[in-house]
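Visitor: Make a model of this:
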Amino acid sequence: MAPAKSSLSIILTLLLLSAGCLSDSLDESSVSSTEEISGSLVIWSTYETDSKEEEAFLDSVSDWQKIHPGVEVEVTSKPFYQAVQAYKIAALGGEAPDLMRFSNDQLGSIAPVRDRGNPLLEDLRPWLTPSQRSVWDPIALESMRYDDALMAIPVSQDCVSLFFNRALFDESGIDYPDENWTTSDFLSAAQDMTFGEQVGLSIPTKDPFRWFSLNSGYGGSLFAANGEANLDGNGSADALRFWLDLELEHEIVPTGTNVETMKQQFLSGKAAMIIDGPWHWPTYTAARLDVGQALLPIVEETGFRMSPMVGYKGWAVSKQSPNKESAVSLALYLSSSEVVKYAALETMTMPVINNLYDDPDIHSDVALRGFIAQARLGFPAPTSKGMSAIYDILPTAIENSYVGEMSTQEALTAANQELKEEME
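Guide: From the prediction side, this is the model:
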């Protein structure tokens, strides 16, 4: 274990044993004392296998076990995008894990599900005091709610921003992206740096998640203020046309690019820019790329900045868990200020604890500071059944527009009607 991690473990242990708390405001004694916690826990981890995030998570679980030696913990890795469906199947079969990390846009699909009249996730409101709840960013805490129930304890947030290869910009004599960049600057730079095997931009054009940013910059929204579906609202068709034309008309995005090929093109130094999230930053820096991060550009036609959707992740406890006290204790530990700060500095995982936003150590990291600045310009992912459905519905609309079977307006209108029916 690295010296920094060992120091963290010692500090956390002393704090917990002497003060009985996970941070200044997260009092573990309100859940259970160290002596009382026992039993076994099954955790489903949705971190990318062999990533720095997974390593930091496993280290933190190990540290918690040292404090609570009476609890056996089994960690099982689950692919992030398949984990929710796997959880539903397991829970309906009476075999749910005690603890799992969910993103808030996934909670909308699982919160309404019932097993013999009972929800699949524990409402955590009775487990937390008002003082404990005040620790977290109120937007993050609210994102963990479905109706009135608190479905998870917030631990992190994430969104996409603009990544660029400084070396390729230097070779081309082009200034680095900054906060004044527009989509015209973005397009011009990408065109100038597309030649031979090198591309100016690599993005998965059929991925809705990254398109959300451009949609907001064109004035579009996924839902109206009253919560109704709004996929075909003001500006969305223009946003989708611009997005697809980066590949189809301007040819600055390689045909068939997906998230993995985007990642590999950037790692190999063949892509000057990508739109990606902090979860991949450690991978790029480990490859010794001279990588920079900048705010997403301002849309020339509207004057609005591209605004990414900000997703929040949190630890949820199974309603079926026979060891809820231990599960909540571990969830609070993983969401504590010290553990979250360590994860932020080691893995670029953005915190959601109020006192960490201006923490000197976090603020001194230029990239981490930039990610937090980008997130503050984003919009929170809705915690709703409709948001969960969008990921199934929008890819068809994008594909229909991509192959020319429908105009972007027609495709989004059809998708919006399908979303409305799904939400009824």
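Visitor: for the record, mean pLDDT for stretch 235-246?
Guide: The average pLDDT within stretch 235-246 is 99.
Visitor: Would you mind writing the CA trace of it as CSV?
Guide: Coordinates of the C-alpha atoms in stretch 235-246 are reproduced here as CSV (Å, rounded to 0.1, in the frame of the first residue of the first chain):
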residue,chain,number,x,y,z
GLY,A,235,-33.0,23.4,-30.8
SER,A,236,-32.8,19.6,-30.4
ALA,A,237,-33.1,18.8,-34.1
ASP,A,238,-30.4,21.3,-35.0
ALA,A,239,-28.2,19.9,-32.2
LEU,A,240,-28.5,16.4,-33.5
ARG,A,241,-27.8,17.5,-37.1
PHE,A,242,-24.6,19.4,-36.1
TRP,A,243,-23.5,16.3,-34.0
LEU,A,244,-24.0,13.8,-36.8
ASP,A,245,-22.4,16.1,-39.4
LEU,A,246,-19.1,16.1,-37.5
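Visitor: How is Ile43 assigned, secondary-structure-wise?
Guide: Under DSSP: H, G, I helix; E, B strand; the rest coil, Ile43 falls in the strand class.
Visitor: shaky segments in this structure?
Guide: 1-36 (pLDDT under 70).
Visitor: residue nearest the centroid of it?
Guide: Asp158 (3.7 Å; C-alpha atoms, centre = their mean).
Visitor: Return the distance of that residue relative to Pro351.
Guide: 11 Å (C-beta to C-beta, to the nearest Å). Where C-beta positions appear, they are placed from N, C-alpha and C, glycine not excepted.
Visitor: for Glu72, same thing?
Guide: Taking C-beta to C-beta, one finds Glu72 at 29 Å from Pro351.
Visitor: Name the residue in those two with the higher neighbour count.
Guide: Each of Glu72 and Pro351 has its neighbours counted (other C-beta atoms under 10 Å); Pro351 has more, 26 against 14.
Visitor: Who are the contact partners of that one?
Guide: By C-beta atoms under 8 Å, 6 or more residues apart in numbering, the contact list for Pro351 reads Ser156, Gln157, Val340, Lys341, Ala343, Ala344, Tyr357, Ile362.
Visitor: Report the buried members of these.
Guide: Ser156, Gln157, Val340, Lys341, Ala343, Ala344, Ile362 (16 or more other C-beta atoms under 10 Å).
Visitor: Just the helices from the stretch 1-150 of the chain, written as ranges.
Guide: 3-19, 52-67, 80-92, 104-110, 130-133, 138-143 (DSSP state H, counting those that start in this stretch).
Visitor: The stretch 251-400 of the chain too?
Guide: 259-267, 281-286, 324-334, 337-347, 360-363, 366-376, 385-402.
Visitor: Out of these, which one sits most buried?
Guide: Greatest average neighbour count among the helices of the stretch 251-400 of the chain goes to helix 324-334 (a mean of 25), per mean count of other C-beta atoms under 10 Å.
Visitor: can you list the domain ranges for this protein.
Guide: Annotated domains of the chain cover 3-158+311-380, 161-307+384-423 [automatic domain parsing].
Visitor: if we can go back for a sec, which stretch among the helices of the stretch 1-150 of the chain comes nearest Ser221?
Guide: helix 104-110 (14.8 Å; C-beta to C-beta).
Visitor: if we can go back for a sec, and of the helices of the stretch 1-150 of the chain, who's closest to Leu419?
Guide: Per C-beta to C-beta, nearest to Leu419 of the helices of the stretch 1-150 of the chain: helix 104-110, 12.6 Å.
Visitor: Please work out which residues outside the closest one touch it.
Guide: Contacts of helix 104-110 (C-beta under 8 Å, 6+ apart): 84, 87-88, 102, 120-121, 143-144, 146, 151-152, 311-314, 316, 380-389, 391.
Visitor: Please repeat the previous calculation with a cut-off of 7 Å.
Guide: 84, 87-88, 120-121, 143-144, 146, 151-152, 311-312, 381-385, 387-388 (C-beta atoms under 7 Å, 6 or more residues apart in numbering).
Visitor: Next, format the buried ones among the contacts of Pro351 as a markdown table and append distance to Arg125.
Guide: Compiled in a markdown table, those are given as follows (distance: C-beta to C-beta, whole Å):
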| residue | distance to Arg125 |
| --- | --- |
| Ser156 | 21 |
| Gln157 | 21 |
| Val340 | 21 |
| Lys341 | 26 |
| Ala343 | 25 |
| Ala344 | 27 |
| Ile362 | 29 |
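Visitor: among those residues, which two are most distant?
Guide: Gln157 and Lys341 (14.2 Å).
Visitor: ok, how many other residues are close to Thr255?
Guide: So Thr255, with other C-beta under 10 Å, has 8 neighbours.
Visitor: check contacts around it.
Guide: Glu247.
Visitor: Report the separation between it and Ser202.
Guide: 11 Å.
Visitor: what does Leu187 give?
Guide: Taken as C-beta to C-beta, the span from Leu187 to Ser202 is 14 Å.
Visitor: These two: which is more packed in?
Guide: Between Leu187 and Ser202, counted using other C-beta under 10 Å, Ser202 has the larger neighbour count: 26 against 19.
Visitor: That one touches Ala271, doesn't it?
Guide: Yes: contact criterion C-beta atoms under 7 Å: Ser202 and Ala271 qualify, at 3.8 Å.
Visitor: Spit out the residues that contact those two alike.
Guide: With C-beta under 7 Å, 6+ apart, Ser202 and Ala271 have common neighbours Gln265.
Visitor: returning to what we had before: between the helices of the stretch 251-400 of the chain, which one is nearest to Asn215?
Guide: Using C-beta to C-beta, the nearest of those to Asn215 is helix 385-402, at 10.1 Å.
Visitor: and that closest one with helix 80-92, angle?
Guide: Orientation of helix 385-402 against helix 80-92 (axes from the mean of the first three to the mean of the last three C-alpha atoms, to 10 degrees) gives an angle of 140 degrees.
Visitor: roughly how far is helix 385-402 from the heart of the chain?
Guide: 19 Å (C-alpha atoms, centre = their mean, to the nearest Å).
Visitor: any idea which helix or strand comes after that helix?
Guide: helix 408-423 (DSSP states H and E).
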